[in-house]
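Chemist: Okay, sequence plus prediction incoming.
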Amino acid sequence: MPVINRIAAMAGEMQGWRRWLHRHPELKFDLRQTSAFVAERLREFGVDEIHEGIAETGIVAVIGGRGPGPTIGLRADMDALPIEEATGVEHASTHPGAMHACGHDGHTAMLLGAAKYLAETRNFSGRVALIFQPAEEHGAGAEAMVRAGVLDRFGITRVFALHNAPNLPLGHFVTTPGPIMAAVDTFSITVTGRGGHGAMPHETADPIVAAVAIVQAIQTIVSRNHYAFDDLVVSVTQIHAGTADNIVPETAWINGTVRTFRREVQEMVRRRLGEIVAGQAAAYGVSAAIDYDVGYPATVNDAAEAAFAAEVAREVAGEAAVTGEGGREMGAEDFAYMLNERPGAYLFLGQGPGAPLHHPKYDFNDEAAPFGASFFARLVERAQPAR
């Protein structure tokens, strides 16, 4: 079964919804316009229940099927990024300093398309809970919604989500059993020395020299403290110090990210960072403190649900357009919090050539929306067939 005809006929509507959302991006939990727009569409579709204000601006909409059965959850993230848009498109952001550079406008439009179809046809049993989530990019909105009790409150037994993938062929799906995206932690190191005149460095305790040594030593965590076949990324992404060419500053700052899949690896990195910072500070006669922030956990697909999701995707896109053993990547995703609580799966949906995610020239490809909406709809119909 290819893309559902009724959903294909909605392509223009989904494009209109998506482009409205693109023009009105909002950040983190402050999604007042976005949430109101989504709720208004859901009311138009005639869904059975709309629950607003969950985790500030999240929404859960419920549609009942034909007869009793379990409740399946489908999630879309709604927030944008603090990036100045450079696409030049007619529907570009009207909010300076914010844009949908990750395609959450497309995710929301696809779930709205599935909602409209499911509310019309109701060709399933039990219920479907449509989860429109804030703050995926910054704020762990999925965790906030889990803590708000959405999985228990609505009796959700399994949960699924999609993310668009630039430069994956249009309409292709990729997923994998087990870990699909990494846990993400961040670290910040403050190095404090003794400032002074750049012409008299012997009178100072230079935090820049110590910071450079710390950054170099951090590189050995992956190369010398870690088993080579176990995925790990430790990246220093910022180093800040100094104000003038003739001043040795008092302080230097180092920031970075850690990406892991296993708790033991995460703990090893955290321990080695502390040891390296303390050792290098002592060697260079400065003091240093590290702040290590544990972020999103690894996104881990249930093996059976990932296989089922891939099977459904093949119905929508064809056998050749689905990879069910696609491996894992080092990006992170807060849908992990939902998968920690319920079996389910996360998939990528190709949108063809284009700028990468989080780029100021990125734009969601509206031609991908019928594939995603059809996948969501068929997932419900296959998981909970009408009795």
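Modeler: Thanks, I have it. Numbers count the residues shown, from 1 in each chain.
Chemist: per-residue confidence for the most centrally placed residue in the chain?
Modeler: Geometric centre of the chain, nearest residue: residue 333, 3.4 Å, by CA atoms, centre = their mean. The per-residue pLDDT reported for residue 333 equals 97.
Chemist: Quick one: residues contacting it.
Modeler: 136, 163, 181, 296, 299, 346 (CB atoms under 8 Å, 6 or more residues apart in numbering). Heads up, the C-betas are built off the backbone N, CA and C, glycines and all.
Chemist: Quickly find the element holding it.
Modeler: For residue 333, there is no host helix or strand (DSSP states H and E).
Chemist: what about the strands in the stretch 1-150 of the chain?
Modeler: Under the criterion DSSP state E, counting those that start in this stretch, strands of the stretch 1-150 of the chain are mapped to 49-54, 58-64, 71-77, 127-133.
Chemist: nearest to residue 311, of the ones you listed?
Modeler: Counting by CB to CB, residue 311 lies closest to strand 71-77 out of the strands of the stretch 1-150 of the chain; the figure is 15.1 Å.
Chemist: Next step: the contacts of residue 333 restricted to strands.
Modeler: 163, 181, 299, 346 (DSSP state E).
Chemist: Could you pull up the contacting residues of the third one?
Modeler: By that I understand residue 299. Going by CB under 8 Å, 6+ apart, the list of residues near residue 299 reads 179-182, 332-333, 335-336, 339, 346.
Chemist: what's around residue 92, how many residues?
Modeler: Applying other CB atoms under 10 Å, we find 16 other residues in the vicinity of residue 92.
Chemist: typed the wrong thing, it's residue 257
Modeler: Residue 257 - counted by other CB under 10 Å - has 18 other residues nearby.
Chemist: Could you do residue 300 as well?
Modeler: Neighbour number of residue 300 under other CB under 10 Å is 21.
Chemist: where does it sit relative to residue 9, distance-wise?
Modeler: 36 Å (CB to CB, to the nearest Å).
Chemist: Now do the same for the residue lying closest to residue 360 once chain neighbours are set aside: its pLDDT.
Modeler: In space, and not counting its chain neighbours, residue 360 is closest to residue 86: 3.9 Å by CB to CB, 6 or more residues apart in numbering. pLDDT recorded at residue 86 is 98.
Chemist: Quick check, residue 86 in contact with residue 355.
Modeler: No: counting by CB atoms under 8 Å, residue 86 does not reach residue 355; the two are 9.2 Å apart.
Chemist: joint contacts of those two?
Modeler: residue 361.
Chemist: Which parts of the stretch 151-300 of the chain are strands?
Modeler: Using DSSP E, counting those that start in this stretch, strands in the stretch 151-300 of the chain cover 156-165, 173-174, 178-181, 183-192, 196-197, 233-241, 247-248, 251-260, 287-294, 299-301.
Chemist: so how far is the fourth one off the chain centroid?
Modeler: Pointing back at strand 183-192 there. Between the centre of strand 183-192 and the centre of its chain there are 21 Å (CA atoms, centre = their mean, to the nearest Å).
Chemist: Check the third one too.
Modeler: For strand 178-181, the separation from the chain centroid amounts to 13 Å (computed by CA atoms, centre = their mean).
Chemist: Can you spell out which helices and strands pack onto it?
Modeler: Applying 3 or more CB pairs under 8 Å, 6 or more residues apart in numbering; DSSP states H and E, one finds that strand 178-181 contacts strand 299-301.
Chemist: hmm, back to that, if I look at the residue nearest to residue 360, how far off is residue 363?
Modeler: Distance from residue 86 to residue 363, by CB to CB: 10 Å.
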